[in-house]
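Asker: A predicted structure for the sequence below; I have some questions about it.
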Amino acid sequence: MRTIHIDQSSRCCGFCIMDDSIPIHHGRLKPMGSTAAARLMEMFHDLLGLMDAYGPEEMTFEKILLVLHGKNGRLQNGPRTVEAMAGATLICKMAAARAGIPYYEVAPSTVKLAATGNGRAGKSDVWRCVAQAMGVDYREIIDDNHADALAQGLAWGNPTFRKSIIEARGGKA
């Protein structure tokens, strides 16, 4: 099964396209628009281009987590960050809808646990585990978004992980 895995952010997104458990194309989309709206539009078109070229049957992307600061109960993420992440997430949902494929939002800690064995793994641990497990040269990994998209692909290739995510959404694997 061909799948696409996205680690979205307001400025760029990492991607990984897999055939079963083999990465066939991965990297980063980095829109150059001068406004948030222009970057999101460019990201949407770039994502559609990838999907048209590779024809994935499923998509995963990072679930947005709003974290409250323990002492004052305020959001740890600022309003602009939350708005930008919501926009990037909407782009992923729209691209999946256009392609007519199901999408699954996956919490970062869940991906880290499946990819590294530790749900609180640091970025360097994710990079190392992904490079080793997928046979990707560590120097090819462009940034954290790219590494996290590879980690999603690695995790999704694990049938137990995939089944638990799909069933948590109410579907059947």
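Answerer: All right, it came through fine.

Asker: Looking only at stretch 100-115, what residues are buried by neighbour count?
Answerer: Under the neighbour-count criterion of 16 or more other Cβ atoms under 10 Å, stretch 100-115 has 101, 103-104, 106, 108, 110-115 buried. The way it works is simple: take the backbone N, C-alpha and C, and place the C-beta from them, glycine included.

Asker: Send me that stretch as CSV with only the CA atoms.
Answerer: Output in CSV follows, covering the C-alpha atoms of stretch 100-115 (Å, rounded to 0.1, in the frame of the first residue of the first chain):
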residue,chain,number,x,y,z
GLY,A,100,-10.4,10.8,-1.9
ILE,A,101,-8.2,9.0,0.7
PRO,A,102,-8.6,8.5,4.4
TYR,A,103,-6.3,10.5,6.7
TYR,A,104,-5.2,9.8,10.3
GLU,A,105,-4.0,12.3,12.8
VAL,A,106,-1.2,10.9,15.0
ALA,A,107,0.1,12.4,18.3
PRO,A,108,3.8,13.1,18.2
SER,A,109,4.4,10.9,21.4
THR,A,110,2.7,8.0,19.7
VAL,A,111,4.9,8.3,16.6
LYS,A,112,8.0,8.6,18.8
LEU,A,113,7.0,5.5,20.8
ALA,A,114,6.5,3.4,17.7
ALA,A,115,9.7,4.7,15.9
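
Asker: Give me the contacts around that stretch.
Answerer: Stretch 100-115 has contacts (Cβ atoms under 8 Å, 6 or more residues apart in numbering) with 56-65, 89, 92-93, 96, 118-121, 125-126, 129-130, 133, 148, 151-152, 154-155, 158, 161, 165-166, 169, 171.

Asker: Is it possible to mark the buried ones in these?
Answerer: 56, 58-62, 64, 89, 92, 96, 121, 125-126, 129-130, 148, 151-152, 154-155, 161, 165.

Asker: among these, which are in helices?
Answerer: 89, 92, 96, 125-126, 129-130, 148, 151-152, 154-155, 161, 165 (DSSP state H).

Asker: Out of those, give me the two with the largest separation.
Answerer: Within those, A96 and D125 form the most distant pair, 29.0 Å apart (Cβ to Cβ).

Asker: how about the least confident helix or strand in the chain by mean pLDDT: buried residues?
Answerer: Counting by mean pLDDT, DSSP states H and E, the chain has its least confident helix or strand at helix 159-168, which shows a mean of 84. Under the neighbour-count criterion of 16+ other Cβ under 10 Å, helix 159-168 has 161-162, 165 buried.

Asker: ok, now stretch 16-23?
Answerer: Within stretch 16-23, the residues that count as buried by 16+ other Cβ under 10 Å are 16-18, 23.
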